[in-house]
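Participant: mind folding the following:
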Amino acid sequence: MNWWGILVSFGYVFGFIGIAQLLLRTGRLSASVTRKVVHIGVSHWWILAMIFFDRWQFAIVGPVAFIFINLASYLLRLFPAMEHEERSRNLGTIYFPVALLVCVLLTWGGPVPVWMGGLAILVLGWGDGLASLVGEMQRTATLRVFGNSKSIAGSCAMFAASAAVALVFTSLFATPASGLLPGGVLLTAFSIALVATVVELVTPYGLDNLTVPVATLLFVYLI
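Facilitator: As a prediction, this is how the structure comes out:
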């Protein structure tokens with residue numbers, strides 16, 4: 001199963017990149033949208049990983065490989081569909097697999113339950129992905145945080161998407177003995193979403209691909 005997991009992982013990720021490339025080349029979607037299609041789509045890799053992997057040595061293969069693949073794409077623009085138009089702002093594509101690697105080591109290779117890693121990565125995928133898309137569509141109301149412009153509408157989208165992801169995961173995987181906050185899964189989901197949104201809000205652009213999932217994972221584990 002582990003070896004099949006590696007094959008499925010690469011096929012899944014390259015499949016999403018290929019679809020995004022096709023949508024970009026045919027003009028159906030802009031680069032800013034295809035980038036988020038890849039961002040959201042690839043975050044679901046964790047679900048495949050939960051199915052196929054039972055050893056961290058196999059689970060880290062994809063994240064480690066894509067650190068170098070994404071670095072090569074950043075330097076050579078191999079995959080325009082997942083690159084930012086401004087090269088200096090594109091490092092988020094490299095931080096993403098780094099975040100995956102950290103979460104894999106903390107879950108498969110550490111004390112944290114694997115499902116918590118899935119929650120954290122999908123909060124990044126859906127929360128941060130929708131925050132960027134909504135923020136680009138609604139530019140009227142913004143906040144200046146540490147020199148970065150943050151859309152209020154985007155932050156609201158981040159909170160809503162993160163809460164939805166957290167609600168699904170805690171409902172499916174958390175048990176009464178897992179340390180849910182008083183009030184159950186709904187309060188827990190809102191607490192997780194608030195932490196993720198604040199971290200995204202105060203983190204400089206690009207680094208949130210690393211800080212959001214790691215902070216979310218640690219917070220979920222601690223509570």
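Participant: CA atoms for contacts and neighbours, from now on please.
Facilitator: Fine.
Participant: report the buried residues of the biggest helix by length in the chain.
Facilitator: Longest helix of the chain, by residue count under DSSP state H: helix 2-25. Applying a neighbour-count criterion of 16 or more other Cα atoms under 10 Å, one finds 2, 5-6, 8-10, 12-13, 16-17, 20-21, 23-24 buried in helix 2-25.
Participant: ok, then the element right after the helix or strand bottoming out on mean pLDDT in the chain?
Facilitator: Scoring the helices and strands of the chain by mean pLDDT, DSSP states H and E places strand 142-145 at the bottom, with a mean of 65. Sequence order places strand 148-151 as the next helix or strand after strand 142-145, per DSSP states H and E.
Participant: and that following strand, what does it pack onto?
Facilitator: strand 142-145 (3 or more Cα pairs under 8 Å, 6 or more residues apart in numbering; DSSP states H and E).
Participant: 10 Å instead?
Facilitator: When contacts are defined as 3 or more Cα pairs under 10 Å, 6 or more residues apart in numbering; DSSP states H and E, strand 148-151 sits against helix 129-137, strand 142-145, helix 185-202.
Participant: and these as JSON lines, adding distance to residue 79 and mean neighbour count?
Facilitator: Converted to JSON lines, these look like this (distance: least, Cα to Cα, whole Å; neighbours: other Cα atoms under 10 Å):
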{"stretch": "helix 129-137", "distance to residue 79": "18", "mean neighbour count": "21"}
{"stretch": "strand 142-145", "distance to residue 79": "30", "mean neighbour count": "13"}
{"stretch": "helix 185-202", "distance to residue 79": "25", "mean neighbour count": "21"}
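Participant: quick one: low-confidence ranges for this protein?
Facilitator: 84-90, 138-148, 175-183, 205-206 (pLDDT under 70).
Participant: sorry, back to before: mind putting the buried residues of helix 2-25 into CSV with distance to residue 215?
Facilitator: Shown next, in CSV, are the buried residues of helix 2-25 (distance: Cα to Cα, whole Å):
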residue, distance to residue 215
2, 28
5, 27
6, 27
8, 28
9, 25
10, 27
12, 26
13, 24
16, 26
17, 27
20, 29
21, 31
23, 33
24, 33
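Participant: list just the nearest of those to residue 58.
Facilitator: Of all the buried residues of helix 2-25, residue 2 has the smallest distance to residue 58: 6.2 Å, by Cα to Cα.
Participant: and for the residue nearest to that closest one when sequence neighbours are not counted, the neighbour number?
Facilitator: Excluding its sequence neighbours, the residue lying closest to residue 2 (Cα to Cα, 6 or more residues apart in numbering) is residue 53, at 5.0 Å. Neighbourhood size, residue 53 [other Cα atoms under 10 Å]: 20.
Participant: got a list of what residue 53 touches?
Facilitator: 1-6, 46, 59-60, 108 (Cα atoms under 10 Å, 6 or more residues apart in numbering).
Participant: ok, residue 10 next?
Facilitator: 16, 45, 61-62, 65-66.
Participant: same deal with residue 15?
Facilitator: Residue 15 touches 9, 21, 38, 41-42, counting by Cα under 10 Å, 6+ apart.
Participant: quick check: the farthest pair among these?
Facilitator: The widest separation within the contacts of residue 15 (Cα to Cα) is 18.3 Å, between 9 and 21.
Participant: if we can go back for a sec, dump the helices and strands packed on strand 148-151 into JSON lines; add distance to residue 218 as well.
Facilitator: Below are the helices and strands packed on strand 148-151 laid out as JSON lines (distance: least, Cα to Cα, whole Å):
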{"stretch": "helix 129-137", "distance to residue 218": "21"}
{"stretch": "strand 142-145", "distance to residue 218": "23"}
{"stretch": "helix 185-202", "distance to residue 218": "10"}
